[in-house]
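Trainee: Okay, structure incoming, though there's no sequence with it:
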């Protein structure tokens, strides 16, 4: 990501949950301003520890910009933590 914005924006996410290697797949998310982002591709996906909680990190793109979204597995809330252009 070039020209990254570091954010802490709560978002609403539509995701599928299943079994296998990709048990959670974000499909789209809505930002606080109402803008809906359609996820075209998922890049890096990994769990990490934030304090005593596990947070699942997803680097995704809509083809125009890159985003990092995080799912707090204890509180079951999503946050947009980074946004960057694709240039």
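Mentor: It's in. Nothing here was measured: the structure is a model prediction, and the numbers come from that model.

Trainee: Determine the next helix or strand in the C-terminal direction from the lengthiest strand in the chain.
Mentor: When the chain is parsed with DSSP state E, its longest strand is strand 2-17. Of the helices and strands lying after strand 2-17 in sequence (DSSP states H and E), the nearest is strand 24-30.

Trainee: Could you please name the strands that following strand pairs with and the direction of each pair?
Mentor: Here strand 24-30 has these sheet partners by DSSP bridges: strand 2-17 (antiparallel), strand 36-38 (antiparallel).

Trainee: residues of the longest strand of the chain that come out buried?
Mentor: Within strand 2-17, the residues scored as buried using 16 or more other C-beta atoms under 10 Å are 7, 11, 13, 15. In short, each C-beta sits where N, CA and C put it, glycine included.

Trainee: what does stretch 49-69 give?
Mentor: For stretch 49-69, by 16+ other C-beta under 10 Å, it's 55-62, 65-69.

Trainee: just how off-centre is that stretch within its chain?
Mentor: Offset of stretch 49-69 from its chain centre (C-alpha atoms, centre = their mean, to the nearest Å): 4 Å.

Trainee: What average pLDDT does that stretch get?
Mentor: Mean pLDDT, stretch 49-69: 95.

Trainee: just stretch 15-23 next, same as before
Mentor: On average, stretch 15-23 scores 88.

Trainee: Then stretch 30-37?
Mentor: Confidence over stretch 30-37 (mean pLDDT, whole number) is 97.

Trainee: circling back to that earlier point, which residues does the longest strand of the chain contact?
Mentor: 23-32, 69, 71, 77-87 (C-beta atoms under 8 Å, 6 or more residues apart in numbering).

Trainee: just stretch 32-49 next, same as before
Mentor: 9-11, 22, 25-31, 54-63, 66-67, 73.

Trainee: Sweet, I'm off.
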